[in-house]
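Engineer: Take this sequence and fold it.
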Amino acid sequence: MKSLKWVLAAMAVSLVAACGGGGGCSGTPPFGASASGASSCGSGSSSASSIDVVASSVQVGTGGDTITITATVKDASNVGLGSAPVSFAASSGNLTGVTATTTAAGVATATFTSGANRSNRQATVTVTSGSVSGQVILDISGTVLSYSGVTTVPINSTTSLPVKVVDSKGAAVSNLPITVASTLGNGLSATTLTTDSLGTASVTYTATTAGTDTLTFSGGGATKTPTLQISAADFTFLTPAATTQIPVTTLQIVTVQYLSNNVPQAGATINFAATAGVLSSPTAVTNAAGQASVAISSKSASPAVIQASVSGVAVQSTLPITFVALVPAKLVLQVSPTAIGPNTAGSTSQQSQIVATVTDANGNPVSGATVTFNRLADPSGGQLSQASTATDLNGQATIQYVAGALTTASNGVRIQATVLGAPSVSGTAQLTVNQSALFIALGTGNVITNLDPQTYKKDWVVYVTDSNGVAVPNISLTIKVLPIDYRKGNLVYAPPWVYDPAPGHFFLCQNEDNGGPVGANVPANAYNGVLDPGEDFNGDGRLQPGNVIAVTTAQTPTASSSGIAKTGSDGRATITLLYAESYVPWVKVKLTAQAIVSGTESSTEANFVVVGDANDFSSLTNPPAGQISPFGQNDCATPN
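Structural biologist: Okay, the predicted model is just below:
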């Protein structure tokens, strides 16, 4: 009776729908619904009426932060409109992962990043559906300017003022234009600067007007305004000249002069400090000429800055110098990387960097020393980018080695570097030109899965490396899996399920395509898949056990008894064995990986009995599929 009422009700609804009832939704199925879950009949509109746009955060870092933009497209009843087409646009930055249509709830999303522009700014993200749009405004921020220069400058002196720019993550911002201005109108070498790869820029400042000067550095939407005190006093270093190179362990006299309105100031106490080296005294008193001197020396080679200031007066000056080692005593030669591949004809992509580090007897870097380079041995037929070069402030001379077309033994290339004029100061280094495949390794883990309820899926990996253990990509490997032997009998629950140990309940039989019974010599026609004379040991007219294990690789998606695998960029390839659950644990196989290689290790193999999931062998009431061997329970000479 209830069923009859339901049928009548359904018919009534159908008749109403067919007669155009329900507000002009003729042809709409009586039980139909819109994508939002509500009937589209009588909703007032099936197009977008408004769009709400929100961001997971309205502040985005200039260093590359990622946020999510979510747009909800609604109809006139403020119900989410499903399957509505949407488009996203941003006035700045990058949009990725854009959803083209809304979900059933009327939602579309996109991912926003600040992009390559690391300036502070605003970005407007606009989402449009039909003639309706919505927006959200984002603040892109985090880029800052910093100043680390002097704050006191003598009148008529010239100094370099540095500025640095970093983004929201503290990374240097390079190639950024920076404007600079002086409120006193003091001299600037440029009013527009550009940051270098370290995010730094500097301007040469000439103090022509005394007083308090505010400098304004602006760039990337950020501003820095350091204040400088310009003293009427003239306080400068007389000796040595700026950027002078001072040999280590050598005393260098440092002299400053203090004038006020061009009159020498005698009896003034001058304070000295240095970022490296040792000063003979931290203070000195000016003489009648307004001059004061101290001595400085260093046992270590490094850049340094000497700072001098007048006690009781807001006046200071700085002097950059460099302590250098001049007498080379040791050379260390390094190669990176130590193993590269040979170059094909016309190519120079396979290169190693050769770095000679020259130091003195105390381990200080020796700058300005000329280092010559020579190939003592090079079976590869390679070349050096240049024969000689000078060491930098770090005592390093760097060139490139370009591999030849031939491979070498491990450390087959020997390179020597020598300091010109000091033949006893030299060093050697070795490298290998050989990324040909030399060694192949097979391995697996302790996980097994099911391809389907009847089939086990077991993954193995094969690695190919050169003589230095460097992974070799794009090596084609021939993969084979062949039975070594098979077993007959049955399993008993011990637990778990194991071979029945009772006499006459377990038999180990050699693969008949491998020469007959266990222990027989392997003939030349082994594993040829042909039933040759003398191989049918059990007399059943077939080769037992046959190829019951399949191997598949990424290059051979369909199962096959052999396949071709190719190593990826990490020198690794994955291969998969497929076999019916009933063959566990009744077959022992040999898995082989072979490649055409330049070394002697051109193949490797692994011998093992095929395994199954431990859970399939742990229940007495649910025995494994192979409780009885698929090859039978009789001895090896008897069929089945």
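
Engineer: What segments of the stretch 1-150 of the chain are helices?
Structural biologist: 2-18, 21-24 (DSSP state H, counting those that start in this stretch).

Engineer: Kindly report which one of these carries the lowest mean pLDDT.
Structural biologist: Here the helices of the stretch 1-150 of the chain differ in mean pLDDT, and the lowest is helix 2-18 at a mean of 34.

Engineer: Can you list the strands that the helix or strand hosting P423 pairs with?
Structural biologist: Applying DSSP states H and E as the criterion places P423 in strand 422-433. Pairing partners of strand 422-433, with direction, according to DSSP bridges: strand 339-340 (parallel), strand 413-419 (antiparallel).

Engineer: pLDDT averaged over the last one, what's the number?
Structural biologist: The reference is to strand 413-419. Strand 413-419 comes out at a mean pLDDT of 97.

Engineer: Go through that strand and flag the buried ones.
Structural biologist: Going by neighbour count (16 or more other CB atoms under 10 Å), the buried part of strand 413-419 is V413, I415, Q416, A417, T418, V419. All C-beta spots, glycine's among them, are computed from the backbone N, C-alpha and C.

Engineer: What confidence value was assigned to the residue nearest to T158 when sequence neighbours are not counted?
Structural biologist: Excluding its sequence neighbours, the residue lying closest to T158 (CB to CB, 6 or more residues apart in numbering) is T206, at 4.9 Å. At T206, the predicted lDDT confidence score is 95.

Engineer: so is N615 in a helix, a strand, or just coil?
Structural biologist: Recorded secondary structure, N615: helix (DSSP: H, G, I helix; E, B strand; the rest coil).

Engineer: Report how many residues lie close to it.
Structural biologist: Other residues within reach of N615, judged by other CB atoms under 10 Å, total 10.

Engineer: returning to that earlier point: which positions in the strand holding P423 come out as buried?
Structural biologist: Along strand 422-433, these residues count as buried under the neighbour rule (16+ other CB under 10 Å): A422, V425, S426, G427, A429, Q430, L431, T432, V433.

Engineer: ok so, going back, would CSV of the buried residues of strand 413-419 with distance to Q316 be doable?
Structural biologist: What follows is the buried residues of strand 413-419, written out as CSV (distance: CB to CB, whole Å):
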residue, distance to Q316
V413, 55
I415, 50
Q416, 50
A417, 44
T418, 46
V419, 41
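
Engineer: Nearest to S367 among these?
Structural biologist: In terms of CB to CB, no member of the buried residues of strand 413-419 lies closer to S367 than V419, at 12.2 Å.

Engineer: so where's the stretch 401-550 of the chain shaky on pLDDT?
Structural biologist: Counting by pLDDT under 70, the stretch 401-550 of the chain contains low-confidence residues at 435-438, 515-526.

Engineer: low-confidence ranges in the stretch 201-350 of the chain?
Structural biologist: Residues of the stretch 201-350 of the chain that meet the criterion pLDDT under 70 are absent altogether.

Engineer: how does it look with 80?
Structural biologist: Using pLDDT under 80 as the threshold, the predicted model of the stretch 201-350 of the chain has low-confidence ranges 231-233, 261, 314.

Engineer: Over to the nearest residue to N538 once chain neighbours are set aside. Which of the three states is it?
Structural biologist: Residue nearest to N538 in three dimensions, not counting chain neighbours: P639, with 5.1 Å by CB to CB, 6+ apart. Look at P639: counting by three-state DSSP, its state is coil.

Engineer: separation between P639 and G489?
Structural biologist: To G489, P639 is 15 Å away according to CB to CB, to the nearest Å.

Engineer: related to what we said a few turns ago, give me the neighbour count for the residue nearest to N538.
Structural biologist: 13.

Engineer: again with S619
Structural biologist: Using other CB under 10 Å, the number of residues around S619 comes to 13.

Engineer: Could you do V481 as well?
Structural biologist: The criterion is other CB under 10 Å. On that basis, V481 has 24 neighbouring residues.

Engineer: Please apply the same query to P495.
Structural biologist: Neighbours of P495 under the rule other CB under 10 Å: 10.

Engineer: check which helix or strand covers it.
Structural biologist: In this assignment (DSSP H and E), P495 forms part of neither any helix nor any strand.

Engineer: Which residue is the nearest non-sequential neighbour of it?
Structural biologist: With CB to CB, 6+ apart as the measure, S618 is the residue that lies nearest to P495, at 6.5 Å, once sequence neighbours are left out.

Engineer: same question, P545
Structural biologist: Once its chain neighbours are removed from consideration, P545 has its nearest residue in Y486; the separation is 3.8 Å (CB to CB, 6+ apart).

Engineer: The one you found belongs to a strand, doesn't it?
Structural biologist: Yes: residue state for Y486 (three-state DSSP) corresponds to a strand.

Engineer: Contacts only, for it.
Structural biologist: Y486 makes contact with C509, N511, Q544, P545, W586, V587, K588, S629, F631, according to CB atoms under 8 Å, 6 or more residues apart in numbering.

Engineer: Just among those, which is most surrounded?
Structural biologist: Most crowded among the contacts of Y486, counting by other CB under 10 Å, is N511 at 27 neighbours.

Engineer: What helices and strands are in contact with the host helix or strand of Q245?
Structural biologist: Using DSSP H and E, Q245 sits in strand 244-247. Using 3 or more CB pairs under 8 Å, 6 or more residues apart in numbering; DSSP states H and E as the contact criterion, the elements in contact with strand 244-247 are strand 316-324.

Engineer: Strand partners (parallel or antiparallel) of the strand it packs on?
Structural biologist: Counting by DSSP bridges, strand 316-324 is paired with strand 244-247 (parallel), strand 302-310 (antiparallel).

Engineer: can I get the CA coordinates of the helix or strand just after the first one in CSV?
Structural biologist: Following the chain from strand 244-247 toward its C-terminal end, the next helix or strand by DSSP H and E is strand 252-260. Coordinates of the C-alpha atoms in strand 252-260 are reproduced here as CSV (Å, rounded to 0.1, in the frame of the first residue of the first chain):
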residue,chain,number,x,y,z
GLN,A,252,102.7,51.1,9.4
ILE,A,253,102.6,54.7,10.7
VAL,A,254,99.1,56.2,10.6
THR,A,255,98.8,60.0,10.8
VAL,A,256,95.8,62.2,11.1
GLN,A,257,95.5,66.0,10.9
TYR,A,258,93.0,68.2,12.9
LEU,A,259,92.2,71.7,11.6
SER,A,260,89.4,74.1,12.5
